[in-house]
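Asker: Dropping a prediction and its sequence here:
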Amino acid sequence: MKRRVPWYCLILATAGLVSIQAVGQAPKPAEATHAASLPANIDVAIFRAQVQLDRAGFGPGVIDGRKGRFFAAALKGYQAAQGLPQSGELDGGTRAALDKDAAPALMTMVLKDDALTADFTPDIPPKIVDQAALPHLGYRDIVERLAERFHTTPQLLLALNPALRAPQAGMELRLPSLIPADRAYDVSLSPQWRDTLATLNIGARQPQAAKIVVDKSESLLKVYDSQDRLVAQFPATTGSAHDPLPIGKWSIHAIAFLPTYHYNPDLFWDAAESDGKAVLPPGPNNPVGVVWIDLNKPHYGIHGTPEPARIGRSQSHGCVRLSNWDAARLAQMTSTATQVVFQE
């Protein structure tokens with residue numbers, strides 16, 4: 001009798017990770033969200049809440065176990081969605097609501113040989129025009145790949161797994177528990193995009209967005225369903241003083257998965273005089289990340305980024321920038337019927 005391998009084992013195998021449990025069991029929860037098991041600079045309660053908020057669709061920014069404005073904003077958004085007082089604090093009522101998701105905040109997995117021999121792009125030139133010569137803008141190394149896959153920073157990943165500084169096959173890793181239960185992606189999506197969704201730990205089931213509201217003052221993108229209920233929220237970079245967010249109502253023209261990037265220096269006030277036009281290959285380190293949601297305003301869109309830790313801290317050229325994982329998740333919620341509102 002042929003033994004059926006569960007979906008999550010297949011997905012983890014393609015990503016170079018396997019559960020340390022036997023085939024047929026879920027990935028092993030780490031015994032882990034108590035103070036003795038986490039580094040001293042990681043707040044256990046905040047770490048757990050960040051993981052739960054991320055799983056619920058209210059992005060706290062990169063998961064780092066620390067308080068910050070996007071953690072507070074995620075709490076406030078989640079509280080609004082749950083009908084709780086919007087304190088922006090991890091209060092008792094919010095803690096009780098989050099704990100309805102009883103899954104662990106950490107999981108333990110094992111690194112495989114193929115993870116160490118993946119198609120990395122270790123030397124990415126700093127200048128955009130020079131990046132056009134590369135065949136692919138992939139992850140630089142295994143740490144960057146795992147950090148993005150588990151919605152965290154290389155710093156936290158190494159704090160949890162110091163031995164990852166010298167990665168070896170068979171190494172046991174502790175990771176934020178973000179593997180979704182459902183990865184039965186729509187078969188109309190390309191195999192490459194389905195692999196990307198799996199790599200970024202994006203579940204197949206997402207709420208459908210009737211409206212997106214980007215709030216410039218809060219640096220947030222909010223998703224509302226057809227009943228005008230807040231169903232998701234993500235940190236965002238929203239333009240700059242030189243290239244402000246184009247306030248108004250817009251529509252989605254198209255969605256490009258794993259896009260190439262057409263660089264035109266004539267559109268950038270800060271481009272070098274020597275720059276020429278260039279076409280950059282796709283990949284997570286592409287300037288617009290893994291997805292481009294094209295708006296009906298020429299040259300403007302909502303997109304990913306290769307620098308998730310800088311969301312809300314850096315400036316854009318007027319577009320809306322999300323982490324790759326949030327942009328991919330948003331793309332699964334939206335269509336050309338979704339309304340887009342940019343507001344102060």
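Answerer: Received it, and whenever you're ready, just let me know what you need.
Asker: How are the helices of the protein distributed by residue range?
Answerer: 7-14, 44-56, 69-82, 92-98, 113-116, 128-131, 142-149, 154-160, 191-199, 324-333 (DSSP state H).
Asker: what about the longest one, distance to the chain center?
Answerer: So that's helix 69-82. With C-alpha atoms, centre = their mean, to the nearest Å as the basis, helix 69-82 stands 17 Å off its chain's centre.
Asker: buried set for it?
Answerer: 70-71, 73-82 (16 or more other C-beta atoms under 10 Å). C-betas here are computed from N, CA, C, even on glycine.
Asker: Residue 222: which of the helices of the chain is closest?
Answerer: Nearest to residue 222 among these is helix 69-82; the distance by C-beta to C-beta comes to 7.0 Å.
Asker: Now tell me what touches that closest one from outside.
Answerer: 46, 49-50, 53, 56, 58-61, 84-90, 94, 97-98, 218-220, 222, 229-231, 233, 235, 311-312 (C-beta atoms under 8 Å, 6 or more residues apart in numbering).
Asker: for the record, mean pLDDT for that helix?
Answerer: Helix 69-82 shows a mean pLDDT of 98.
Asker: now it against helix 44-56, angle please.
Answerer: Interaxial angle of helix 69-82 relative to helix 44-56 (axes from the mean of the first three to the mean of the last three C-alpha atoms, to 10 degrees): 60 degrees.
Asker: highest average neighbour count across the helices of the chain?
Answerer: Across these, averaging neighbours per residue (mean count of other C-beta atoms under 10 Å) puts helix 324-333 on top, at a mean of 25.
Asker: okay, and for this protein, where does confidence drop off?
Answerer: Applying pLDDT under 70 to the chain flags the ranges 1-36, 240, 269-271, 314-318.
Asker: go with 90
Answerer: Low-confidence segments of the chain, defined by pLDDT under 90: 1-41, 113-119, 128, 181, 239-244, 263-277, 299, 312-319.
Asker: Do me a favour and get the end-to-end distance for stretch 155-167?
Answerer: End-to-end span of stretch 155-167 (C-alpha to C-alpha, to the nearest Å): 15 Å.
Asker: Tell me the one among the buried residues of helix 69-82 nearest to residue 284.
Answerer: Nearest to residue 284 among the buried residues of helix 69-82: residue 70, at 20.6 Å, using C-beta to C-beta.
Asker: which residues does residue 110 bridge with?
Answerer: The partner list for residue 110 in beta bridges (DSSP bridges) reads residue 18, residue 172.
Asker: Look at it and say how many residues are nearby.
Answerer: Neighbourhood size, residue 110 [other C-beta atoms under 10 Å]: 18.
Asker: Likewise for residue 88?
Answerer: So residue 88, with other C-beta under 10 Å, has 17 neighbours.
Asker: Quick one: closest of the helices of the chain to residue 214.
Answerer: Residue 214 lies closest to helix 324-333 among those, at 11.0 Å (C-beta to C-beta).
Asker: Report all helices and strands that that closest one contacts.
Answerer: helix 191-199, strand 220-224, strand 230-235, strand 291-295, strand 301-303 (3 or more C-beta pairs under 8 Å, 6 or more residues apart in numbering; DSSP states H and E).
Asker: List just the one of these that sits closest to residue 107.
Answerer: Closest to residue 107 of these, according to C-beta to C-beta: helix 191-199, at 15.8 Å.
Asker: mind exporting stretch 115-125 as CSV, just the C-alpha atoms?
Answerer: Only the C-alpha atoms of stretch 115-125 are listed here, as CSV (Å, rounded to 0.1, in the frame of the first residue of the first chain):
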residue,chain,number,x,y,z
ALA,A,115,18.0,24.2,1.3
LEU,A,116,21.8,24.9,1.3
THR,A,117,22.2,24.4,-2.5
ALA,A,118,19.2,26.5,-3.5
ASP,A,119,19.5,29.1,-6.3
PHE,A,120,20.8,32.0,-4.3
THR,A,121,22.0,35.4,-5.6
PRO,A,122,24.8,36.2,-3.2
ASP,A,123,26.2,39.2,-5.0
ILE,A,124,23.5,41.8,-5.8
PRO,A,125,25.0,45.1,-7.1
